[in-house]
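Asks: Fold the stuff below for me.
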Amino acid sequence: MPEDGGAPSDREQAGSLDADESRTPFPAPPHDGRFTSIALPADFDPRILLTGPDAAEVSVCYERADRGLILVGIGEAARIGAHAGGGPEAIREAALRLLRDGASEGDAAGPLRPRLLGGFAFDPAAPLGGPWDGFDYGWLSLPRLLFVRDGDDCGVVIAPGTYPAEAEGLIERAEGAAPEAEDERPEGALRVVWDINRPALLSSVTEIASEVREGRYEKAVLASVREIETARPIEPGAVLAKLRADYPHCYLFSFRRGDAIFLGATPEQLARLRGGAVSTLGLAGSAPRGRTAEEDRALGEALLRNAKERIEHEIVVRALREGVASLAGELEAPNRPELLRLHNIQHLATEVRGRALPGVDILDLVGRLHPTPAVCGWPPAHAREVLARHERFDRGWYAGPIGWIDGAGDGEFAVGLRSALVRGRRAWLFAGAGITADSTANAELAEIELKFRPLTSAFGGGVM
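Replies: Okay, the predicted model is just below:
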């Protein structure tokens with residue numbers, strides 16, 4: 001499999017090629033090294049592939065269904081890998097060349113256009129370790145088959161060298177599969193293998209808050225990891241279905257390398273670029289949801305008035321504006337944050353919009369904005385040093401950029417939050433909290449526990 005964005009070899013073509021393609025509406029494989037796009041019925045849902053008989057072939061998935069976008073990739077025709085310290089911008093030319101070399105005129109503009117999907121490590125300079133083998137410092141992948149729902153359009157984008165009949169076979173098997181039985185995994189079937197060191201975390205929060213009060217830096221985002229084990233192998237499609245039901249306004253994602261899958265449901269957009277329009281979302285400041293409508297409103301109003309949470313949020317919005325200012329003009333952002341209400345948590349949210357300067361692409365924006373103060377701290381150099389002293393695990397892709405890019409340089413990347421790395425029956429769950437001058441240790445621990453809940457629930461319920 002080529003790492004440098006070259007054309008796929010004959011060995012990378014589909015292995016099952018005996019179908020009589022003359023009996024299907026799918027064309028013969030292209031021989032000119034170009035992408036093929038085929039429209040599918042409007043009622044076809046690409047997510048059926050996530051739980052069908054070929055679910056193990058799903059290599060990448062990215063969706064924001066409430067905005068009409070679903071991307072499900074099968075296999076891999078090519079992959080462009082990032083290097084230590086390089087960042088997303090370092091692979092821009094290879095990514096755009098791969099997308100443009102096989103594109104026909106008009107491919108870059110329509111909904112059924114070629115795209116690369118992938119992500120990047122939170123810290124491109126950190127030593128690789130832990131369970132993140134295969135994810136490395138990041139990569140962008142070209143699926144052999146990319147099933148797309150974009151607004152009212154639905155279809156499949158077929159990479160050069162891939163047989164279109166492979167797509168037809170996948171669809172037939174998925175649609176013909178019997179509905180799966182309800183998940184009978186009992187509540188409390190999750191076992192904690194390795195948990196938060198609570199005394200160490202409480203001590204770290206107290207120390208960081210003290211340093212912020214002394215003026216050494218403005219904020220640091222301290223993350224934790226919890227390793228769990230389930231009674232049977234984790235099924236990514238079932239986990240995503242649960243997250244989709246509970247968090248319909250989040251970005252759902254899954255990225256597979258070998259037997260490992262990084263998946264989650266994140267509320268935070270890092271950057272979006274489409275036709276010159278730029279947007280990024282400042283998301284910081286959190287509170288739980290109420291058990292009644294009245295309690296929920298009271299918690300939301302208290303969050304909007306909370307000085308500590310507002311300061312944390314303003315740090316993030318200020319950094320986003322400064323980051324985007326060098327790449328876009330006509331910047332606009334509300335003076336007062338809104339509430340973004342999710343299933344079990346609510347956040348302060350402010351969207352920053354603008355117009356990209358000539359020549360700016362989505363990877364420019366990702367490289368300039370990551371890491372935001374919402375996942376690292378401020379100033380970033382000081383915050384990274386603080387995290388290196390207090391965190392005793394490899395974040396890998398957690399809190400890193402995940403998303404897609406097309407041949408025009410447009411795309412969208414979210415922040416890999418509310419996420420977990422899955423290998424068989426094991427999963428590593430990640431969550432963090434922003435520490436400022438007014439932070440209290442117990443409150444930040446409670447926030448981290450709250451952020452563990454989405455994946456804990458999706459994996460089967462409580463822990464034991």
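Asks: So which other helices or strands are in contact with the host helix or strand of residue 429?
Replies: In the assignment (DSSP states H and E), residue 429 maps to strand 426-435. The helices and strands touching strand 426-435, judged by 3 or more C-beta pairs under 8 Å, 6 or more residues apart in numbering; DSSP states H and E, are helix 198-213, strand 219-229, strand 419-423, helix 441-458. Quick note: C-beta positions are derived from backbone N, CA and C, even for glycine.
Asks: Give me the sheet partners of that strand and which way each runs.
Replies: With DSSP bridges as the test, strand 426-435 is paired with strand 219-229 (antiparallel), strand 419-423 (antiparallel).
Asks: For the closest residue to residue 234 other than its chain neighbours, list the residues it contacts.
Replies: For residue 234, ignoring the flanking residues on the chain, the nearest one in space by C-beta to C-beta, 6 or more residues apart in numbering is residue 422 at 5.0 Å. Taking C-beta atoms under 8 Å, 6 or more residues apart in numbering, we find residue 422 in contact with 234, 236, 239, 260-263.
Asks: who's residue 422 bridged to?
Replies: residue 261, residue 427.
Asks: Please report how far it lies from residue 174.
Replies: Plainly put, residue 422 is 21 Å away from residue 174 if you go by C-beta to C-beta, to the nearest Å.
Asks: cool, residue 435 as well?
Replies: For residue 435, the distance to residue 174 - C-beta to C-beta - is 46 Å.
Asks: between the two, who's got more neighbours?
Replies: residue 435 (27 against 20; other C-beta atoms under 10 Å).
Asks: All the helices of the protein, residue numbers only.
Replies: Using DSSP state H, the helices of the chain run over 92-101, 164-176, 198-213, 236-246, 293-305, 307-325, 362-369, 380-390, 441-458.
Asks: Comparing those, which comes out most buried?
Replies: Greatest average neighbour count among the helices of the chain goes to helix 362-369 (a mean of 24), per mean count of other C-beta atoms under 10 Å.
Asks: what's the angle between it and helix 92-101?
Replies: 160 degrees (axes from the mean of the first three to the mean of the last three C-alpha atoms, to 10 degrees).
Asks: Just want the angle from helix 362-369 to helix 307-325.
Replies: 140 degrees.
Asks: Summarise which helices and strands helix 362-369 is packed against.
Replies: Right, helix 362-369 is packed against helix 92-101, strand 269-274, strand 277-288, helix 307-325, strand 401-406, strand 411-415 by 3+ C-beta pairs under 8 Å, 6+ apart.
Asks: For those, could you give me a markdown table that also reports mean pLDDT?
Replies: Formatted as a markdown table, these follow (pLDDT from 0 to 100):
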| stretch | mean pLDDT |
| --- | --- |
| helix 92-101 | 92 |
| strand 269-274 | 96 |
| strand 277-288 | 94 |
| helix 307-325 | 93 |
| strand 401-406 | 98 |
| strand 411-415 | 98 |
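Asks: okay if I get the ones you listed as CSV plus distance to residue 228?
Replies: Listed next are the helices and strands packed on helix 362-369 as CSV, based on distance: least, C-beta to C-beta, whole Å:
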stretch, distance to residue 228
helix 92-101, 35
strand 269-274, 27
strand 277-288, 22
helix 307-325, 29
strand 401-406, 22
strand 411-415, 22
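Asks: Which of those sits closest to residue 36?
Replies: helix 92-101 (14.3 Å; C-beta to C-beta).
Asks: tell me the angle that closest one makes with strand 401-406.
Replies: Using the same axes, to 10 degrees: helix 92-101 against strand 401-406 is 40 degrees.
Asks: so where is the protein shaky, pLDDT-wise?
Replies: 1-32, 104-109, 178-188, 461-464 (pLDDT under 70).
Asks: picking up where we left off before, just the CA trace of the strand holding residue 429, in PDB.
Replies: Presented in PDB, the C-alpha positions along strand 426-435 are these (Å, rounded to 0.1, in the frame of the first residue of the first chain):
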ATOM      1  CA  ARG A 426     -10.200  -3.500  25.500                       C
ATOM      2  CA  ALA A 427     -10.800   0.200  25.200                       C
ATOM      3  CA  TRP A 428      -8.900   3.200  26.400                       C
ATOM      4  CA  LEU A 429     -11.300   6.100  27.200                       C
ATOM      5  CA  PHE A 430     -10.000   9.700  27.300                       C
ATOM      6  CA  ALA A 431     -11.300  12.900  28.900                       C
ATOM      7  CA  GLY A 432     -10.000  16.200  30.100                       C
ATOM      8  CA  ALA A 433     -10.800  19.400  31.900                       C
ATOM      9  CA  GLY A 434      -9.500  23.000  31.600                       C
ATOM     10  CA  ILE A 435      -7.700  24.300  34.700                       C
END
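Asks: quick one: buried residues of that strand?
Replies: 426-435 (16 or more other C-beta atoms under 10 Å).
Asks: Return the distance of it from the chain's centre.
Replies: 14 Å (C-alpha atoms, centre = their mean, to the nearest Å).
Asks: What of stretch 82-97?
Replies: 18 Å.
Asks: can you tell me the distance between the two ends of it?
Replies: 15 Å (C-alpha to C-alpha, to the nearest Å).
Asks: Quick one: residues in contact with it.
Replies: 4-5, 80-81, 116, 120-121, 124-125, 136-140, 361, 363-364, 366-367, 370, 401, 405, 407, 409.
Asks: Much appreciated, bye for now.
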